[in-house]
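In: Attaching a predicted model along with its sequence, questions to come.
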Amino acid sequence: MERPIGVKICGLTEPAGLDAAVTHGADWVGFVFFARSPRHVTPAQAAALIARLPAGGPRRIGLFVAPDDDAIAAVLDATELDGLQVYAPQARARAIRDRFGLPVWHAHGVATPGDLPAETALDGLVIESRPPAGSDRPGGNAHAIDWTITRGWVAPAPWILAGGLTPDNVADAIAQGGATAVDVSSGVESAPGRKDPALVARFIRAARQAGFG
Ligand SMILES: O=C(O)c1ccccc1NCC(=O)[C@H](O)[C@H](O)COP(=O)(O)O
């Protein structure tokens, strides 16, 4: 059965990775506004990257960890975004959506089927692994979940699978867990924060082909 697979390339910091995401047809590109991340970009850096995107290109997602309103406003003053990926309690994520009027994807760390949300008031869910012990960030840890846990889950909103995906395992991840959208950062890098255009191309191709499997 054919299923179109959406692809998000996250944690872009440089033109080469961004251009590869555009050329190979990514659906979303993500920019990390979290100072402790090796993929952190300032509002001005994100604006310069976003200015490269063609009309009709990937949608622009900003990642925020427990942000205050001023941090989000500073980014939106510098550039446009199409959506926000938020690491914060649901109520705070809802308040952010109400305040800024943008779709909010709620990042949801899971370890077992019981952790999967049965309901949400947000626009989308990012289903990813919980950070490994010792990590100083809630995402972008190259850490995969057991992909089978989403099998049979009745998701309350569109969802995207994230965490530890690579060009070599993304097809398996889709086959095992039934994701129709996937998100990658570390798995297409040559070093933390540096996207490898060839890996970006391979990842997008592998994810798309998995939809025809
Ligand atoms: O990438 C980061 O450093 C990061 C920091 C803080 C919050 C989120 C972050 N990244 C999120 C993502 O890139 C993805 O949503 C996802 O976690 C994929 O990560 P990876 O396992 O590196 O592919």
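Out: Structure received.
In: Tell me the first helix or strand C-terminal of whichever strand or helix holds A16.
Out: Under the assignment given by DSSP states H and E, the secondary-structure element containing A16 is helix 15-23. Using DSSP H and E, the next helix or strand after helix 15-23 towards the C-terminus is strand 28-32.
In: now for that following strand, which elements pack on it?
Out: Here strand 28-32 is seen to pack against strand 6-9, helix 15-23, helix 43-50, strand 59-65 when contacts are counted using 3 or more C-beta pairs under 8 Å, 6 or more residues apart in numbering; DSSP states H and E. Backbone N, C-alpha and C define where each C-beta goes, glycine included.
In: And the contacts of the third one?
Out: Put plainly, it is helix 43-50. When contacts are defined by C-beta atoms under 8 Å, 6 or more residues apart in numbering, helix 43-50 is touched by residues 12-15, 18, 31, 33, 41, 60, 62, 74-75, 77-80.
In: Show me which positions of it end up buried.
Out: The neighbour-count check on helix 43-50 (16 or more other C-beta atoms under 10 Å) flags 43, 45-47, 49-50 as buried.
In: How about the second one?
Out: By neighbour count on 16+ other C-beta under 10 Å, the buried set for helix 15-23 is 17-22.
In: does it come close to the ligand?
Out: No: if you take C-beta under 6 Å from any ligand atom as the test, helix 15-23 misses the ligand, and the best it gets is 12.3 Å.
In: ok, F64 touching D70?
Out: No: judged on C-beta atoms under 8 Å, F64 makes no contact with D70 at a distance of 11.4 Å.
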